[in-house]
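Colleague: sequence first, predicted coordinates after that:
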Amino acid sequence: DVKVTQSSRYLVKRTGEKVFLECVQDMDHENMFWYRQDPGLGLRLIYFSYDVKMKEKGDIPEGYSVSREKKERFSLILESASTNQTSMYLCASSLASRPRAYEQYFGPGTRLTVT
Amino acid sequence: DQQVKQNSPSLSVQEGRISILNCDYTNSMFDYFLWYKKYPAEGPTFLISISSIKDKNEDGRFTVFLNKSAKHLSLHIVPSQPGDSAVYFCAASAKTSYDKVIFGPGTSLSVIP
């Protein structure tokens, strides 16, 4: 059974803290993605990676950075957390070959609250 | 500006009846469309997809219809079951966009027993 795991289900951080969200997939997928989900806005892409050490900005990269040192692991970093980064964060992975590349497998999500 | 729109935030349907979830898009470069289902406290799961060269794709109780001229697609669930109660996200992608997928805001479906 394919699996995407995220390091925490719930996280509470203070404004200004550095926050690390970790994602691991066991499907040998080339692509990995970070989204945030907010009510009425759906899933918005923050960053994605199509190979180790490769990254591309998504639609809302401001305030975030990412790291992909190994194929199975993709980290999202909030350099200085702010209250407007309170959200549900979802990690996903997919194969690189179309059309299967569009079929993404998601982790359970991390509910981050910044106070 | 949202490129994928789902204008109904919620929908209620009686068990056994048809559920129709609608989606509109604005980007004419989109050539592949997907539906994802999300239960509370879980990540979205892929449900069904359709290429722009087709106008219909069926998988069991789920059928997706694509009307390219209207830039509209719909998901039909027949018959609806209580376990179908979830948030449904419409999504789209274009060949030119790496493997990025653009998601709509979602429609919350409640199937009433």
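Modeller: Yep, it's here.

Colleague: is stretch A:32-49 positioned near chain B?
Modeller: Yes. Using C-beta under 8 Å from any C-beta of the partner chain, stretch A:32-49 reaches chain B at A:Tyr35, A:Gly40, A:Leu41, A:Gly42, A:Leu43, A:Arg44, A:Leu45, A:Phe48. In short, each C-beta sits where N, CA and C put it, glycine included.

Colleague: show me these that map onto strands.
Modeller: Among these, the ones falling in strands (DSSP state E) are A:Tyr35, A:Gly42, A:Leu43, A:Arg44, A:Leu45, A:Phe48.

Colleague: identify the farthest-apart pair in these.
Modeller: Maximum pairwise distance in these, criterion C-beta to C-beta, is 16.1 Å, between A:Gly42 and A:Phe48.

Colleague: contacts only, for the residue of chain B found nearest chain A.
Modeller: Closest residue of chain B to chain A, C-beta to the nearest C-beta: B:Gly43 (3.0 Å). B:Gly43 makes contact with A:Val4, A:Leu90, A:Ala92, A:Phe106, A:Gly107, A:Pro108, A:Gly109, according to C-beta atoms under 8 Å, 6 or more residues apart in numbering or on different chains.

Colleague: name the spans of chain A whose pLDDT lies under the cut-off.
Modeller: Scanning chain A with the threshold set as pLDDT under 70 gives A:1-2, A:99-101.

Colleague: switch to 90 and redo it
Modeller: A:1-2, A:7, A:39-42, A:51, A:53-54, A:95-103 (pLDDT under 90).
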